[in-house]
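Colleague: this one's structure only:
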């Protein structure tokens, strides 16, 4: 589903750099990105989604070389193939729940809003249990309900890949589980590949695979050639953890 | 289309903000434009009526008062002149004189005492009923008929000039002979009577019991030969009917009877110049004025005031516009995060631009359209507004 | 009811006028009017028969004269209703007698520019009725209903002045017909002058001979010919009341008249009673309304003959 090779990225003149020599996320495998703050988890999500463009290397998402696309092509690719769930949900306050869910179909001409889409939106909403809140505005929803709206919005275009950035970061423990249940349930039902960034180690057992960002060079480092030499990170930076055990690349195969 | 839907949802959600912005834009456009239309239209109307009234003769005094009363039947009654002025002009053979006596009113509408020539001169047609024929009848203007709900055969009662008016003016119950067609002029708001009927309202003519008849004995104080002295209880008729019309009569010399003005219609410029020459001398008790000149003077004043008001409106409009722009800029900044979200989800550049831009666009369009509607309304009611403005 | 009567009057008189125009005496009206058939004929409304006659004579076929008073009423006492007033309003010219005649004119709306007062030229020579009623009531003080005598045309010289005023008005309105109007006036002048001469001759010997009038309508006649005339208020069709007879007896005691002038034939009973008092009755028709037969001149001719009876006996 996702193949990253020789990826390098830096934010402008800043001192943040991210290097991912190789990363492969197979289709259908729910993957968690973990790592300390600033280790580039969200940056990688953005690169995978085509929101940001790497300085070097290639990213193939869903079989498409995202790095080779123009801005508008990346937007269209994203809206059809990548669902995004944000930590702050990013619902539009002035739209009802229904309109928020339908939003992707209103902001890019490559998606066409028709009857079938509307029916699917209602169906999604009822699957996550918010079918009676469709005409409400987000400020009248609970945190958990908002998260569910965000999930519905991300899934409505039936993307192959769902990228979630700290999807439970703002939830209390009770809601956390419910939302995750819903998330995994939907992912499974629609055959979507889920990649989630999280800080929450309690959640890791629910993922089939965990990628720890400590293994990537996401450190302040100015040099060029040295780095290349040092970037001998594992092609498989993580391990399959059938038992739900956390496997940290640095622990298992550290240099 | 989808982008406009989102913009509309945004505006609808932020109703108050939208309303304030729309109001601001409306005012920025409307204040100078509407005022301009108001002044243009009303000055057009004022000059049209003045142009259609070549000359006015009236007692010496304020020419503006004379013109406003004669053209718009305003409530300020000018000094009165004598009916003899009509005969003088007629005998001069230089012009058609049309007497006006516009002192009274009925239920707030001016009663215009004049002659049949006035109706022909203003090209007023009788739409319902017939023209004036008998003493005590009136013709009502189109708007009066509509407002009072009167038609041929109904009655209109003249109002006394004041509560303490015991002698002279007494309420006359006037039969509506006909209703005039709509003329879009002050004539629509007037009640027309024969000059003699206006004089009856003024108490200069009256009808009462025949004192030489035996029934009148109760009112007769003395009867010496042909001289009968009656007391104040002699019943005066407050309505002219088929039965009592023959008892109505006027005392004294009609040429001394009052008028507020004479509309003078000369056939050509030469006659007009000759007539004006006759009234030039300062010893004359009467003046002759060209309504157009008097109106131009008034309009000059209005235009000067308009310039200041427009200048003020432009300054205020500029300040308001700056505030509106600021609000838009702030709004764009407030929506930066929303823009970012749309971008991340995969919104196309055009869609995101449209969603943001159509907020501004919609406010501007609604504001300009409202200003347009207001301007249209202004132009529709300009005449009434200007009349209210100059206190008629 | 009354309105319908008036309309009938208009129609009948309209027909009568048409006939009179063609037969207008003393002129070549028929031939003159045939010269100009194209133009619409101007309409002139009048308030009494003498004016109708003058307008017809002076108009000489160039104007249509309308006199809409019902023929069974004295036009001096008549007041038209709104329909006839409306007809007056539509006229091209309205001839008034003036001198307070047709008081209804001051109680209706007529286009002032079309009104011509034919006696205005001699307003300073108006006579008054010696029976004016003065009254006062209310705060405005005394005022009187002073009556001006209005049968001005009974003085043929004044009638002639009125005819000239009619002529002036017609020429003023329709100058293109001046020649016809001039001819019409000239012929009428001759007739009125002749009538005046005839009556002057018949009354030449009247001197101070006292005569009575049944009604105060002969002021101008008496004024013109110096007649010693006094009036009572007897109506031709009515028997006077006791007071009326007493008033007559009082007047006769100081004014021993042998003749009384009547506007129309008195009732036989009245005629007999007068005869018992030594007064003979004779008709002098003021011709206020259109005569059943003949025209103004024939009526005046008959009047003159009756004057001969009154004053001829003295010669």
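Modeller: Received it, and whenever you're ready, just let me know what you need. What you see is a predicted model; the values in this text were computed from it and never measured. Numbers count the residues shown, from 1 in each chain, chains lettered A, B, ... in the order given.
Colleague: now the strands for the stretch 201-350 of chain B?
Modeller: B:205-207, B:220-224, B:227-230, B:248-250, B:258-259, B:261-265, B:286-289 (DSSP state E, counting those that start in this stretch).
Colleague: Note down every partner strand of the last one and its orientation.
Modeller: Applying DSSP bridges, strand B:286-289 is found paired with strand B:55-59 (antiparallel).
Colleague: Contacts for the strand it pairs with next, please.
Modeller: B:66-67, B:70, B:78-81, B:85, B:89, B:95, B:97, B:259-266, B:272, B:275-276, B:279, B:285-291 (CB atoms under 8 Å, 6 or more residues apart in numbering or on different chains). Placement of C-beta: from N, CA and C, glycine included.
Colleague: in what helix or strand does the closest residue to residue C:235 other than its chain neighbours lie?
Modeller: In this structure, residue C:235 finds its nearest non-sequential neighbour in residue C:215, 7.3 Å apart by CB to CB, 6 or more residues apart in numbering or on different chains. Residue C:215 belongs to no helix or strand when elements are defined using DSSP states H and E.
Colleague: Tell me who's in contact with residue C:215.
Modeller: C:231, C:232, C:233, C:234, C:235, C:263 are the contacts of residue C:215 under CB under 8 Å, 6+ apart.
Colleague: Residue C:86 too?
Modeller: Residue C:86 makes contact with B:130, B:131, B:133, according to CB under 8 Å, 6+ apart.
Colleague: Which ones among the residues you listed lie within strands?
Modeller: Per DSSP state E, strands hold no members of those.
Colleague: Name the nearest of those residues relative to residue B:116.
Modeller: Among these, residue B:131 lies closest to residue B:116 (CB to CB), at 6.7 Å.
Colleague: What is the burial count for that closest one?
Modeller: Using other CB atoms under 10 Å in any protein chain shown, the number of residues around residue B:131 comes to 21.
Colleague: ok, now which ones touch it?
Modeller: B:116, B:119, B:139, B:177, B:178, C:86, C:89, C:109.
Colleague: Next one: residue B:374 from chain C, what distance?
Modeller: 45 Å (CB to the nearest CB, to the nearest Å).
Colleague: packing partners for the strand or helix carrying residue B:369?
Modeller: Assessed by DSSP H and E, residue B:369 sits inside helix B:349-380. Using 3 or more CB pairs under 8 Å, 6 or more residues apart in numbering or on different chains; DSSP states H and E, the elements in contact with helix B:349-380 are helix A:71-81, helix B:2-13, helix B:15-51, helix B:291-334, helix B:336-345.
Colleague: Can you check what angle separates that helix from helix B:2-13?
Modeller: Here helix B:349-380 points in a direction 60 degrees away from that of helix B:2-13 (axes from the mean of the first three to the mean of the last three CA atoms, to 10 degrees).
Colleague: For helix B:349-380, what does the pLDDT average out to?
Modeller: Average pLDDT, helix B:349-380: 89.
Colleague: to the chain's geometric centre, what's the distance from it?
Modeller: 36 Å (CA atoms, centre = their mean, to the nearest Å).
Colleague: Report the contact partners of residue B:180.
Modeller: B:119, B:124-127, B:139-142, B:145, B:187-188, B:192.
Colleague: who's it bridged to?
Modeller: Bridge pairing for residue B:180 - DSSP bridges - gives residue B:126.
Colleague: got it, and residue A:58?
Modeller: Applying DSSP bridges, one finds that residue A:58 bridges with residue A:5.
Colleague: Just give the number of residues close to residue A:153.
Modeller: 26.
Colleague: The stretch 51-200 of chain B: strands as residue ranges?
Modeller: Using DSSP E, counting those that start in this stretch, strands in the stretch 51-200 of chain B cover B:55-59, B:81-82, B:96-106, B:109-114, B:126-129, B:137-140, B:155-157, B:173-180, B:191-194.
Colleague: closest point of the stretch 101-250 of chain C to chain A, which residue?
Modeller: residue C:109 (70.9 Å; CB to the nearest CB).
Colleague: Confirm for me that that residue is in contact with residue B:115.
Modeller: Yes. When contacts are counted by CB atoms under 8 Å, residue C:109 is listed as touching residue B:115 (7.5 Å).
Colleague: could I get the contacts of residue B:180 as a markdown table with neighbour count and pLDDT?
Modeller: As requested, the contacts of residue B:180 are arranged in a markdown table below (neighbours: other CB atoms under 10 Å in any protein chain shown; pLDDT from 0 to 100):
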| residue | neighbour count | pLDDT |
| --- | --- | --- |
| B:119 | 21 | 93 |
| B:124 | 22 | 93 |
| B:125 | 13 | 93 |
| B:126 | 16 | 93 |
| B:127 | 12 | 93 |
| B:139 | 29 | 94 |
| B:140 | 30 | 95 |
| B:141 | 26 | 94 |
| B:142 | 20 | 93 |
| B:145 | 24 | 93 |
| B:187 | 26 | 92 |
| B:188 | 19 | 92 |
| B:192 | 30 | 95 |
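Colleague: which bits of the stretch 251-392 of chain B sit near chain A?
Modeller: Within the stretch 251-392 of chain B, the residues that sit near chain A (CB under 8 Å from any CB of the partner chain) are B:337-338, B:341-352, B:355.
Colleague: Selecting buried members of those in PyMOL, what would you type?
Modeller: A single PyMOL command suffices to select whichever of these are buried according to 16 or more other CB atoms under 10 Å in any protein chain shown:
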select buried, chain B and resi 338+341+342+343+344+345+346+347+348+351+352+355
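Colleague: Which two of the residues of the stretch 251-392 of chain B next to chain A have the greatest separation?
Modeller: B:337 and B:350 (20.0 Å).
Colleague: Next to chain B, which bits of chain A? Give me the list.
Modeller: A:46, A:49, A:51, A:71-72, A:75-80, A:82, A:84, A:86, A:90, A:92-95, A:99, A:103-110, A:113, A:137, A:153.
Colleague: Pick out the residue closest to the middle of chain A.
Modeller: Among the residues of chain A, the one closest to the centroid is residue A:163, at 1.7 Å (CA atoms, centre = their mean).
Colleague: Are we agreed that it is in a helix?
Modeller: No. Counting by DSSP: H, G, I helix; E, B strand; the rest coil, residue A:163 is not part of a helix but strand.
Colleague: My guess is it contacts residue A:48. True?
Modeller: Yes. The pair residue A:163 / residue A:48 is scored as a contact, 6.6 Å apart, by CB under 8 Å.
Colleague: list residues touching both of those two?
Modeller: Shared contacts of residue A:163 and residue A:48, counting by CB under 8 Å, 6+ apart, come down to A:82, A:195.
Colleague: Pull out the buried residues from the contacts of strand B:55-59.
Modeller: Here, 16+ other CB under 10 Å leaves B:66-67, B:70, B:78-81, B:85, B:89, B:95, B:97, B:259-266, B:272, B:275-276, B:279, B:286-291 buried among those.
Colleague: Tell me, how many residues neighbour residue 58?
Modeller: Reading this off chain A. Residue A:58: 14 neighbours (other CB under 10 Å).
Colleague: my bad, chain C
Modeller: Neighbour tally, residue C:58, other CB under 10 Å: 32.
Colleague: Sweet, I'm off.
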